[in-house]
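J.: generate a structure from the sequence data that follows.
(one chain, ligands or ions: 1)
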Amino acid sequence: MTRVIVIGAGISGLRVADLLTAAHIDVLLLESRQRTGGRLHTVSGPTGPVDLGATWFWPHEGRVLSLIDELGLPIHNQHLAGDAVYQDAQRTRRLDGNPIDVPAGRFSLGAQDLAHRLAQRLAPGCLATDRPVLAVSARTDGLRVETGAGALEAEHVVLALPPALAVSRIRFDPALPATLVDLARRTPTWMGSMAKVVAVFDSAFWRDHGLSGAAISHVGPMRELHDMSGPAGRPAALFGFAPLPTADSVAPEPDAIVRQLSALFGPSTPEPVELYIADWRSEPDTSPPDTGVAGDYRTYGHPAWRTAALDGRLHWSATETSSTSPGHIEGALERAETVAARIIDDLNRRNAA
Ligand SMILES: Cc1cc2nc3c(=O)[nH]c(=O)nc-3n(C[C@H](O)[C@H](O)[C@H](O)COP(=O)(O)OP(=O)(O)OC[C@H]3O[C@@H](n4cnc5c(N)ncnc54)[C@H](O)[C@@H]3O)c2cc1C
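T.: Modelled structure (predicted):
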């Protein structure tokens, strides 16, 4: 029997495993994808790292900042200088200054760097990727976790994946209380009904025209755009959010993106040298099939997420369960710290008894 099994190697699950490892507690982290990081996802483009998931952290986020410091991660500031652009059905106009962006930090090697570095310091053998969890059932002295590759047992299990995904994808025996299942179903997966579009260029041409790269559009397909260039403007990139609100929404086509970029940044806008359209709604490891349909953001940080289910052994730690920074990396870390502390406490009490 492993003492703790953590389901999901996104930043929350990785941090739980990291803290338990530091406390010398035997932990196994099971991840359905072939990579760690979850919604922190950085790809290596020809000109540098490109974030298809999370982009920023903010100056008040103490947990993110102290991990960056501890791990020695390279960071840079979000580019803010220049004018923003506003687009509605009538026209596109340049604003005076940039009222859209706020001061934020960026991970210079991409946000997934944070996940990679935590994964690297786990004990050998305690992380298994390509291992989707199918079921969790109660035993007299613990919980049994079924994966496609066999069953395992643990004293505590942590659900480090979005609650709506957990109840749609994992069978629980005994069944979780109906009110809890209903709460989980109504809890939208943060950014789970969004496409993130990243356009990489030879140079940050918009900066040469005094533009910040920030834009708001009521036309779409991208509704909000920002500069996403690396340090010193390399790689030179813009990113935009294209909402996919309903189950039959489809991610925008490259042609529509290129047309909108020209409308926003001028007819001399060059063709992107790389174009990424990350459709998070279609990611089965992030969004359940009906994601966001009955979404209610008031469920974020609900007190029910702070109560361990199945006799105090099944814990919730994904960002959606945070009451302080739900949706953000900071919230995922906050829950990881709380859940790890609770498990350490419980195991210490049992050891002492
Ligand atoms: C496009 C986008 C932009 C964002 N921008 C920002 C930003 O700028 N700043 C910010 O702070 N946050 C941002 N976020 C949110 C941030 O990425 C999340 O808050 C954070 O990554 C959530 O971490 P998590 O560990 O709670 O969940 P996840 O990262 O979703 O991790 C859950 C893990 O569980 C795994 N899993 C799923 N099902 C199973 C199963 N059955 N068995 C085993 N494993 C399973 C998944 O593969 C995944 O690795 C953004 C997210 C997206 C998608």
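
J.: so which bits of the stretch 151-300 of the chain are right by the ligand?
T.: Residues of the stretch 151-300 of the chain found near the ligand (Cβ under 6 Å from any ligand atom) are 160-162, 165, 169-170, 190-191, 194, 196, 280, 285-286. In short, each C-beta sits where N, CA and C put it, glycine included.

J.: make it 5 Å
T.: 161, 169, 191, 196, 280, 285 (Cβ under 5 Å from any ligand atom).

J.: tell me where the protein has helices.
T.: Secondary structure of the chain (DSSP state H): helices at 11-22, 62-71, 112-120, 163-169, 178-186, 205-208, 254-265, 309-312, 329-352.

J.: got those helices as CSV, with distance to L275 columns?
T.: As requested, the helices of the chain are exported to CSV (distance: least, Cβ to Cβ, whole Å):
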stretch, distance to L275
helix 11-22, 27
helix 62-71, 29
helix 112-120, 20
helix 163-169, 28
helix 178-186, 34
helix 205-208, 15
helix 254-265, 5
helix 309-312, 43
helix 329-352, 26
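
J.: right, and the ones you listed - which one's nearest A81?
T.: Taking Cβ to Cβ, helix 205-208 is the member of the helices of the chain nearest to A81, at 7.6 Å.

J.: check which helices and strands that closest one sits against.
T.: Helix 205-208 is packed against strand 211-217, with contacts defined by 3 or more Cβ pairs under 8 Å, 6 or more residues apart in numbering; DSSP states H and E.

J.: who touches the strand it packs on?
T.: The contact list for strand 211-217, computed with Cβ atoms under 8 Å, 6 or more residues apart in numbering, reads 79-88, 94, 98, 100-101, 204, 206-207, 222-229, 238, 240, 260, 264-265.

J.: filter those residues down to the ones in strands?
T.: 83-87, 94, 224-227, 238, 240 (DSSP state E).

J.: and which of those residues is nearest to the ligand?
T.: For those, the minimum distance to the ligand (Cβ to the nearest ligand atom) is 9.5 Å, reached by H226.

J.: and the pLDDT for that closest one?
T.: What the model reports for H226 is a pLDDT of 98.

J.: what residue is smack in the middle of this protein?
T.: Nearest residue to the geometric centre of the chain (Cα atoms, centre = their mean): R39, 3.0 Å.

J.: output the helices of the chain as CSV; include the columns mean pLDDT and mean neighbour count.
T.: As requested, the helices of the chain are exported to CSV (pLDDT from 0 to 100; neighbours: other Cβ atoms under 10 Å):
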stretch, mean pLDDT, mean neighbour count
helix 11-22, 98, 25
helix 62-71, 98, 16
helix 112-120, 98, 21
helix 163-169, 97, 23
helix 178-186, 95, 16
helix 205-208, 97, 18
helix 254-265, 98, 18
helix 309-312, 94, 15
helix 329-352, 95, 20
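
J.: quick one: closest of those helices to A135.
T.: helix 163-169 (9.8 Å).

J.: picking that back up, so which of the helices of the chain gets nearest G295?
T.: In terms of Cβ to Cβ, the element of the helices of the chain nearest to G295 is helix 178-186, at 6.8 Å.

J.: other SSEs contacting that closest one?
T.: helix 163-169.

J.: the helix it packs on: how far from the chain's middle?
T.: Taking Cα atoms, centre = their mean, to the nearest Å, one finds the center of helix 163-169 at 16 Å from the center of the full chain.

J.: what's next to it, contact-wise?
T.: Contacting residues not belonging to helix 163-169 are listed as 7, 132, 134, 159, 161, 176, 181, 183-189, 192, 285-291, 305, 316, 318, 320-321 [Cβ under 8 Å, 6+ apart].

J.: now these: which count as buried?
T.: 7, 132, 159, 161, 176, 181, 183-189, 192, 285-288, 291, 305, 316, 318, 320-321 (16 or more other Cβ atoms under 10 Å).

J.: in strands only, show me those residues.
T.: 7, 159, 316.

J.: could the residues you listed go into JSON lines alongside pLDDT?
T.: Converted to JSON lines, these look like this (pLDDT from 0 to 100):
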{"residue": "I7", "pLDDT": "98"}
{"residue": "L159", "pLDDT": "98"}
{"residue": "W316", "pLDDT": "98"}
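
J.: so which of these comes closest to the ligand?
T.: Nearest to the ligand among these, counting by Cβ to the nearest ligand atom, is I7 at 4.8 Å.

J.: ok, back up a step: the helices of the chain: which one's closest to G53?
T.: Using Cβ to Cβ, the nearest of the helices of the chain to G53 is helix 112-120, at 7.5 Å.

J.: any idea how far the ligand is from Y300?
T.: According to Cβ to the nearest ligand atom, to the nearest Å, Y300 stands 11 Å off from the ligand.
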